[in-house]
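Q: For reference, the sequence and a predicted model appear below.
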Amino acid sequence: TNHTLDKGKQGVLNCIHFWEDTYPEIACLGINESQEEQNNNIYVYEQAGMKIAVLNYTYGTNGIEPPSNMPYLVNYMEKEKIISDIQKAESIADFTIVCPHWGTEYLLSISSEQEYWTNIFLEYGVDLVIGAHPHVIEPIKWVSDEDGHQMLVYYSLGNFVNGTSSTGSGVTNRMVGGIADVTIGRNEDGTVAILEHDVVPIVCHIGEGDTYTVYYLEDYTEELAKENRILSQDSEFSKALCDSIVESVWGQ
């Protein structure tokens with residue numbers, strides 16, 4: 001993410017080693033310990049005879065540059081690098097997912113930057129895009145090229161857990177998020193594709209003692225909403241407003 005270098009190179013290396021040592025079965029993507037790793041390490045998850053490549057990039061790191069002798073630390077959204085990685089992924093996997101850290105913070109609609117990258121992902125054969133960074137939900141769309149290749153894009157799933165120091169109208173937008181629900185399988189012709197997709201709306205609740213709980217939005221109530229401590233920062237917060245945000249962006 002854009003915060004990858006907040007703690008410098010040691011923070012990145014600590015992160016890599018933590019996941020490698022503690023949870024080796026979980027892939028840690030988008031950061032690298034060597035140039036060779038960045039150049040050649042395309043992560044592929046395999047299940048039920050299907051190979052799924054997953055790639056991860058960020059638009060930037062808040063102006064903090066990696067050390068001059070470690071330019072490989074972070075995967076940035078650099079066109080030639082991304083194209084090369086997608087081509088490698090397409091050559092070894094049945095299905096390619098890209099997770100870009102992109103877009104404009106707090107914007108509920110798609111930016112021109114996101115449209116630019118969407119076109120590149122589509123051109124080189126990506127199947128699914130799951131975006132992050134805006135901190136609010138954004139549209140979910142199928143896009144297709146002239147050859148009929150389709151790609152599903154979750155432009156932003158918003159926040160899962162959220163705390164913010166901001167106040168005023170619009171803060172409620174940041175309390176709403178979503179969980180992507182995608183079923184990948186084989187078509188009758190044997191190709192691997194998205195068979196079903198959905199999104200499950202969620203809301204973050206801040207309770208007594210600054211405890212954070214995530215609820216499915218359909219299970220959240222106006223009674224709970226009246227107890228959400230985010231009201232002290234946005235007096236407009238309500239279950240109805242959360243529902244309205246989801247309806248306006250996702251139509252559900």
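A: Structure received. Residues are numbered from 1 along each chain as shown.
Q: Which helix or strand lies directly C-terminal to the lowest-mean-pLDDT helix or strand in the chain?
A: Sorting the helices and strands of the chain by mean pLDDT, DSSP states H and E puts helix 35-40 at the bottom, at a mean of 94. Next in sequence after helix 35-40, counting helices and strands by DSSP states H and E, comes strand 43-47.
Q: Now do that following strand: which elements does it pack against?
A: strand 50-58 (3 or more Cβ pairs under 8 Å, 6 or more residues apart in numbering; DSSP states H and E). (Each C-beta comes from the backbone N, C-alpha and C, glycine too.)
Q: distance between the least confident helix or strand of the chain and the chain's centre?
A: The chain centre lies 23 Å from the centre of helix 35-40; the measure is Cα atoms, centre = their mean, to the nearest Å.
Q: Need the contact partners of that helix.
A: 32, 71, 72, 75 (Cβ atoms under 8 Å, 6 or more residues apart in numbering).
Q: Contacts only, for the residue nearest to residue 222 when sequence neighbours are not counted.
A: By the measure of Cβ to Cβ, 6 or more residues apart in numbering, the closest residue to residue 222 outside its immediate chain neighbours is residue 239, 4.6 Å from it. By Cβ under 8 Å, 6+ apart, the contact list for residue 239 reads 203, 220, 221, 222, 224, 225.
Q: what's the neighbour count on the last one?
A: Per other Cβ atoms under 10 Å, the neighbour tally for residue 225 reads 21.
Q: Retrieve the pLDDT associated with the nearest residue to it once chain neighbours are set aside.
A: Nearest residue to residue 225, sequence neighbours excluded (Cβ to Cβ, 6+ apart): residue 239, at 4.4 Å. Looking at residue 239, its pLDDT reads 98.
Q: Next, work out how far apart residue 239 and residue 218 are.
A: 10 Å (Cβ to Cβ, to the nearest Å).
Q: List the buried residues of stretch 135-143.
A: For stretch 135-143, the neighbour count (16 or more other Cβ atoms under 10 Å) marks 135, 136, 137, 138, 140 as buried.
Q: go on, stretch 44-53?
A: Using 16+ other Cβ under 10 Å as the test for burial, stretch 44-53 gives 52, 53.
Q: contacts for it?
A: Residues contacting stretch 44-53 (Cβ under 8 Å, 6+ apart): 27, 42-43, 54, 89-90, 92-97, 184-186, 192.
Q: Weed out the non-buried ones from these.
A: For the contacts of stretch 44-53, a neighbour count by 16+ other Cβ under 10 Å gives the buried set as 42, 43, 54, 89, 90, 93, 94, 95, 96, 97, 184, 192.
Q: For these, name the two members farthest from one another.
A: 42 and 184 (17.5 Å; Cβ to Cβ).
Q: ok, back up a step: who wins on neighbours among the contacts of residue 239?
A: residue 203 (29 neighbours).
Q: State whether it is indeed within a strand.
A: Yes. Under DSSP: H, G, I helix; E, B strand; the rest coil, residue 203 sits within a strand.
Q: Would you map the strands across the stretch 151-252 of the chain?
A: Remark: strands assigned in the stretch 151-252 of the chain by DSSP state E, counting those that start in this stretch are 176-186, 192-207, 211-216.
Q: Next, count neighbours for residue 34.
A: Residue 34: 12 surrounding residues under other Cβ under 10 Å.
Q: how far does stretch 226-234 sit from the chain's center?
A: Centre to centre, stretch against its chain (Cα atoms, centre = their mean), the figure for stretch 226-234 is 26 Å.
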